[in-house]
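Colleague: need a structure here:
(chains A and B)
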There are 2 protein chains.
Amino acid sequence: MAGAEWKSLEECLEKHLPLPDLQEVKRVLYGKELRKLDLPREAFEAASREDFELQGYAFEAAEEQLRRPRIVHVGLVQNRIPLPANAPVAEQVSALHRRIKAIVEVAAMCGVNIICFQEAWTMPFAFCTREKLPWTEFAESAEDGPTTRFCQKLAKNHDMVVVSPILERDSEHGDVLWNTAVVISNSGAVLGKTRKNHIPRVGDFNESTYYMEGNLGHPVFQTQFGRIAVNICYGRHHPLNWLMYSINGAEIIFNPSATIGALSESLWPIEARNAAIANHCFTCAINRVGTEHFPNEFTSGDGKKDVFLCSFKAHQDFGYFYGSSYVAAPDSSRTPGLSRSRDGLLVAKLDLNLCQQVNDVWNFKMTGRYEMYARELAEAVKSNYSPTIVKE
Amino acid sequence: MAGAEWKSLEECLEKHLPLPDLQEVKRVLYGKELRKLDLPREAFEAASREDFELQGYAFEAAEEQLRRPRIVHVGLVQNRIPLPANAPVAEQVSALHRRIKAIVEVAAMCGVNIICFQEAWTMPFAFCTREKLPWTEFAESAEDGPTTRFCQKLAKNHDMVVVSPILERDSEHGDVLWNTAVVISNSGAVLGKTRKNHIPRVGDFNESTYYMEGNLGHPVFQTQFGRIAVNICYGRHHPLNWLMYSINGAEIIFNPSATIGALSESLWPIEARNAAIANHCFTCAINRVGTEHFPNEFTSGDGKKDVFLCSFKAHQDFGYFYGSSYVAAPDSSRTPGLSRSRDGLLVAKLDLNLCQQVNDVWNFKMTGRYEMYARELAEAVKSNYSPTIVKE
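Modeller: Below is the predicted model of the structure:
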């Protein structure tokens, strides 16, 4: 079962484990237990009316003498595509704008300061098909496309930083497509953009048919609420990608993703959380929900069952996107995941002071020996590199 | 409860969850379920007589046309110190040699090819005390100390590669102490040694009072059964450390550790497993068991309760070592952990072909962009480095 049948790990544990055992399981699996946020009743009512899940948790830090708490509320959005993938492009985009607008309004009621949507949120995740039209029509300018203008309005109306991961068409550089996240300040201004640094060639993830590895390095965005970065999807498998965002000062790294059950569900609780621990920062892992059906059959493989992917037979869907979005903290604690099967908004109240506090306890940067690794990596990529192998 | 009261996560889940839910929990938490090894009855009888836990699991790989399966059995040993820390040094070492000999004999019955003991296995983990005598008396020559000679006999008798993590005294370089793992070939010859690359300064982990960061880089040892490396303890928090062992060709990376419940138990299931995933290799996380009491009171802190560590009051023990040793595979699957409270031997049958198979599916090395990171890291360590921060 890598489909929708099973709602969430946390719901299952809560249901079956006696309280003392549940507490131990949570301690081992999640670190300390987080306090639930007391979100406004009208937010829950609106979420229920709009049929999406709303959860909120607080990460706390120790009191300090010289710094006041640095509180920020982040919002993570996971959703299905509201219209089928064969609906007209413009209608699909409009329906997604409407859906996100409704969720952002609830986020605003909850006091969210920074919100992040899922990867390529304005479209079905159609890169599995390897068809160009109509999917490339979803690509937009990062600077002034309709989705960026839409997000600017949201940002300004709600005094909220918006992280908007889209398929970008860069018409100033030869009409090249990119997998990009646009970061919009709470003032409504476009603060900048960042691109997916690592592109998968795995099973149906045929993304390198559409765009290449990002060329913008590891920018960090100074917002009014803290320094943020965006590690898009497959970049979460690359510890160096997280590290460079952290070295550049990111306190929160968003990881908007699109990933499916049979391939990655047992990696999901591990990677973003390891990144939060290893880099003394918060990470926000976001995955879309549901199964998306495409008009034309496609195949990426050899027609047989595989140990890693559930099937390589010709098919019209990519697999089941299992949601399960969560926030992980530098002290190894984490929120429960959102549902595997419903749209959802996860609100997390972070005290960013926790990053420096954990840094000062664990000292991974101080003990990181980056000079040594810069040297060793520079050697390792040379064509005449000879690995250090000791033989008898 | 970060002490001995709670036996293991897996035992708790097995006991309380209905079968269909248990299967889903295991899928999400552990990837696929592993087959239990059919270990010989006399091995279980001997383990029961010697009062330690014995578990065995098999990791399988797909059949290939050109390569035969590359099967290796690894053994992970976790144990308490058999004598109190205030017993005479020579008696403590002898008692540990006897204990390990008994466990290795059971490993031999199980066909183990490569065995690894816990960090600084010939001594109590006394670095918390900051006293020098008698603890520095446990240091030995890596090349021809009594423990290395003892392990050479074990290796030769049982045709077994032995990884022996000790406190090393390097009398050829100014009598310096190191935290070292000696790798002994199944021929009985000392294949070489490798040193702990990252040294903690965390709570009672006062190890930098005794030894410095290793100076041997990231050697990989070519054994008859596969290429192995040793990432000692705190090095598991450093993704670059794992990466360089992997770039040098390690197929199995052992992580002999000594870590305590209140500090790290929720990090433990994450880090070695993330390393196995990120580097397409097997990792073997080993932790000691129990509470060790020292004759003189010590303190490393400020006498008050702390959010991360349970207590900074003067005390005579370091905290509870929670065992929970496990093996993680490149496909994100893992074994259950050994008990939190008993000595144990974990036997895992690995098909090393899985490493290349997962590499060819996920391609993290191909998509790793190491040239870019070598360049970025080399910049980042410069004193005049200016992080890429985008401001409004």
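
Colleague: Next SSE downstream of the helix or strand of chain A with the lowest mean pLDDT?
Modeller: The helix or strand of chain A with the lowest confidence, counting by mean pLDDT, DSSP states H and E, is helix A:261-264 at a mean of 83. Sequence order places helix A:268-279 as the next helix or strand after helix A:261-264, per DSSP states H and E.

Colleague: list the helices and strands the next helix or strand after that following helix packs on?
Modeller: The helix or strand immediately downstream of helix A:268-279 is strand A:282-287, counting by DSSP H and E. Helices and strands touching strand A:282-287, as assessed by 3 or more CB pairs under 8 Å, 6 or more residues apart in numbering or on different chains; DSSP states H and E, comprise strand A:71-78, strand A:252-257, helix A:268-279, strand A:326-328, strand A:344-351. For glycine as for every other residue, the C-beta is placed from the backbone atoms N, C-alpha and C.

Colleague: What is the fourth one packed up against?
Modeller: This means strand A:326-328. When contacts are defined as 3+ CB pairs under 8 Å, 6+ apart, strand A:326-328 sits against strand A:71-78, helix A:268-279, strand A:282-287, strand A:344-351.

Colleague: So which bits of it are buried?
Modeller: Neighbour-count burial for strand A:326-328 flags A:Tyr326, A:Val327, A:Ala328 (criterion: 16 or more other CB atoms under 10 Å in any protein chain shown).

Colleague: which regions of chain A lie under the pLDDT threshold?
Modeller: A:1-2, A:301-313 (pLDDT under 70).

Colleague: ok, now with 90
Modeller: Low-confidence segments of chain A, defined by pLDDT under 90, are located at A:1-10, A:24, A:27-33, A:202-205, A:261-263, A:297-319.

Colleague: returning to what we had before: would you reformat the helices and strands packed on strand A:282-287 as JSON lines and include distance to B:Ser246?
Modeller: Listed next are the helices and strands packed on strand A:282-287 as JSON lines, based on distance: least, CB to CB, whole Å:
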{"stretch": "strand A:71-78", "distance to B:Ser246": "31"}
{"stretch": "strand A:252-257", "distance to B:Ser246": "22"}
{"stretch": "helix A:268-279", "distance to B:Ser246": "15"}
{"stretch": "strand A:326-328", "distance to B:Ser246": "24"}
{"stretch": "strand A:344-351", "distance to B:Ser246": "33"}
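
Colleague: nearest to B:Phe150, of the ones you listed?
Modeller: Nearest of the helices and strands packed on strand A:282-287 to B:Phe150, taken as CB to CB: helix A:268-279 at 36.3 Å.

Colleague: The closest one and chain B in contact?
Modeller: Yes: Helix A:268-279 lies within reach of chain B by CB under 8 Å from any CB of the partner chain, at A:Trp268, A:Pro269, A:Ile270, A:Glu271, A:Arg273, A:Asn274, A:Ile277, A:Ala278.

Colleague: My guess is A:Tyr234 contacts A:Arg201. True?
Modeller: No: under the contact definition of CB atoms under 8 Å, A:Tyr234 does not touch A:Arg201, with a separation of 9.6 Å.

Colleague: more neighbours, the two?
Modeller: Per other CB atoms under 10 Å in any protein chain shown, whichever of A:Tyr234 and A:Arg201 has more neighbours is A:Tyr234, with 28 against 16.

Colleague: Distance of that one relative to chain B?
Modeller: For A:Tyr234, the distance to chain B equals 7 Å [CB to the nearest CB, to the nearest Å].

Colleague: A:Pro88 now?
Modeller: 35 Å.

Colleague: What about that residue, how many residues nearby?
Modeller: Residues near A:Pro88, counting by other CB under 10 Å, number 11.

Colleague: now A:Asp175
Modeller: Counted with other CB under 10 Å, the neighbours of A:Asp175 add up to 10.

Colleague: and if you look at A:Gln356?
Modeller: Neighbours of A:Gln356 (other CB under 10 Å): 16.

Colleague: what helix or strand is it on?
Modeller: For A:Gln356, the enclosing helix or strand under DSSP H and E is helix A:353-362.

Colleague: Helix B:370-380 and the next helix or strand after that helix, what's the angle between them?
Modeller: Sequence order places helix A:370-380 as the next helix or strand after helix A:353-362, per DSSP H and E. In terms of direction (axes from the mean of the first three to the mean of the last three CA atoms, to 10 degrees), helix A:370-380 departs from helix B:370-380 by 150 degrees.
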